[in-house]
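Participant: how would this look folded up:
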Amino acid sequence: MTAGSRVLILSQYFWPENFRFNELAVELARRGHAVTVLTGVPNYPQGAVFPSYRQAPADFSALDGVDIVRVPMMARGTGYRRLALNYLSFALSASVLGPWKLRGRRFDHVFVCQPSPGTVGLPGVVLSRLKRASLMLWVQDLWPESISAVGAVRSPRLLAPIAGFMAWVYRRCDHVFSQSRAYIPLLNARVGGRSRVSYLPNWGDGRADDGTAARPMAAEGGKDGFDIYYLGNLGHAQGFAAVLDAVQAAGDDGTRWHFVGAGSAASWMADEVARRGLGARVRFHGLVSPDQLPRFYQQADALLVTLKPDPLFAMTVPSKVQSYLATGVPIVAMLDGEGARVVEDAGAGVTCAAGDSAALLAAVRRLRALPARTRHAMGESARRYYDSQFSFARVVDKLEGWLRSEPMQDAHGESAGEEAEEKEDCGVVAQ
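Facilitator: Here you go, the predicted structure:
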């Protein structure tokens with residue numbers, strides 16, 4: 001397709017929820033594509049529908065040239081049972097009501113953004129077939145491995161049908177994109193030669209990407225203490241028990257640990273910090289708006305990223321890694337596998353094994369002992385690596401190239417030309 005493709009972005013999450021898909025949709029529209037987003041009702045991460053949306057839903061029907069179509073769904077609430085209903089309600093609502101709300105609209109591509117949940121693949125398949133559009137799926141999170149890794153589902157009897165469903169979705173895609181190179185062999189096996197698989201990484205958040213969040217070089221000896229910031233989801237997958245073990249073992253060494261964000265583990269962390277008497281060394285800043293993030297980046301001597309030890313997480317690059325690289329602040333990564341490899345290849349900081357609290361403490365002390373100029377050089381190396389591998393413009397350029405080259409498909413996977421469009425005009429194609 002040429003510039004000016006008609007793109008339907010399908011995502012359970014979208015503005016005013018804070019996801020990178022917002023930036024992607026706006027940039028594609030800015031580049032001349034006709035972009036429509038089919039999404040749900042904003043309720044992430046708090047689990048309740050945003051009050052501002054309840055008061056004036058019409059105010060959230062467009063964003064900088066992007067048309068937003070919403071379908072009803074159950075809010076996340078709390079607990080795994082409610083979360084499962086949230087996932088299923090959006091998948092069914094988008095599959096049944098989505099075609100009706102999008103009736104009369106033509107699309108060349110359906111681009112599915114898939115963090116969790118994988119269930120978003122169902123309306124992707126339905127809409128691509130009804131609209132005779134190519135189906136592209138951007139895999140951020142492998143299912144069912146991710147829900148097994150966090151303990152949401154352990155039973156093989158339940159995991160097997162989820163794996164079968166995901167294979168069904170993959171094999172009906174024209175193009176599957178992976179946020180991690182380590183996912184690609186597994187995805188290739190699952191598509192069974194029926195879909196193309198390509199690497200499409202994440203980028204940093206907007207203010208990190210444009211360099212406005214970068215911290216100036218600190219003068220030698222010009223600052224008391226050492227401030228480590230974690231910014232993002234405070235979830236159980238991050239393995240914060242090991243982090244708090246490291247904080248406790250460090251004693252009162254002048255290192256301050258800051259956590260910015262919210263999530264399912266936040267209340268447990270607060271209780272644990274109080275129980276261990278770590279309040280003087282640990283500070284929680286809560287959930288903040290994106291425009292507040294630069295001030296935290298600029299205050300940080302190091303940025304922390306962690307995941308629990310798990311084979312799936314070893315294949316994953318947490319999206320905050322790209323944001324951290326873009327800031328030019330050294331990184332402390334308690335990660336295995338692909339995420340650690342990116343930090344090491346970038347020369348961006350120090351790494352240690354996931355879940356190893358003693359190694360985390362040693363890594364922090366090693367980084368803190370370096371001269372400020374050496375840490376600044378690490379940050380510059382991180383930024384250069386980000387620019388060469390993960391910049392927003394670079395990623396969107398790659399996607400736009402695929403949008404131009406991917407042929408529109410009919411419901412049987414064959415090229416669909418003007419005949420299909422004429423049939424749709426006559427009402428032959430179901431809407």
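
Participant: helix or strand for A333, just tell me which one.
Facilitator: A333 belongs to strand 331-334 when elements are defined using DSSP states H and E.

Participant: helices and strands around that strand, which ones?
Facilitator: Judged by 3 or more CB pairs under 8 Å, 6 or more residues apart in numbering; DSSP states H and E, strand 331-334 is in contact with strand 302-306, helix 319-327, helix 337-346, strand 349-352, helix 357-369. Where C-beta positions appear, they are placed from N, C-alpha and C, glycine not excepted.

Participant: the next helix-or-strand element following the last one vs strand 302-306, what angle?
Facilitator: Think helix 357-369. Remark: after helix 357-369, the chain's next helix or strand is helix 372-389, criterion DSSP H and E. For helix 372-389 against strand 302-306, the angle by axes from the mean of the first three to the mean of the last three CA atoms, to 10 degrees is 50 degrees.

Participant: what's the angle from helix 372-389 to helix 337-346?
Facilitator: Using the same axes, to 10 degrees, helix 372-389 lies at 110 degrees relative to helix 337-346.

Participant: just the buried residues of the lengthiest helix in the chain, please?
Facilitator: Counting residues, the longest helix found in the chain (DSSP state H) is helix 80-101. Neighbour counts over helix 80-101 (16 or more other CB atoms under 10 Å) mark 83-87, 89-95, 97-99 as buried.

Participant: for that helix, what is the average pLDDT?
Facilitator: Taken as a whole, helix 80-101 has a mean pLDDT of 95.

Participant: got the phi and psi for F111?
Facilitator: Per-residue torsions, F111: phi -110, psi 110 (degrees, to the nearest 10).

Participant: wait, it touches S5, no?
Facilitator: No. Here F111 does not reach S5: they are 9.9 Å apart, not a contact under CB atoms under 8 Å.

Participant: those two: which is more packed in?
Facilitator: More neighbours surround F111 than the other of F111 and S5, with 30 against 23 (other CB atoms under 10 Å).

Participant: roughly how far apart are the more buried one and G104?
Facilitator: When distance is defined by CB to CB, to the nearest Å, F111 is 20 Å away from G104.

Participant: and P294, by the same measure?
Facilitator: Where G104 is concerned, P294 sits at a distance of 43 Å (CB to CB).

Participant: the more surrounded of the two?
Facilitator: Per other CB under 10 Å, whichever of P294 and G104 has more neighbours is P294, with 18 against 8.

Participant: so which strand or helix has the more buried one?
Facilitator: Going by DSSP H and E, P294 is part of helix 293-299.

Participant: could you dump that helix to PDB, C-alpha only?
Facilitator: The C-alpha trace of helix 293-299 is given here as PDB (Å, rounded to 0.1, in the frame of the first residue of the first chain):
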ATOM      1  CA  LEU A 293       8.100  11.600  34.400                       C
ATOM      2  CA  PRO A 294      11.000  13.800  33.200                       C
ATOM      3  CA  ARG A 295      11.600  15.300  36.700                       C
ATOM      4  CA  PHE A 296      12.100  11.800  38.100                       C
ATOM      5  CA  TYR A 297      14.500  10.800  35.300                       C
ATOM      6  CA  GLN A 298      16.500  14.000  36.000                       C
ATOM      7  CA  GLN A 299      16.700  13.300  39.700                       C
END
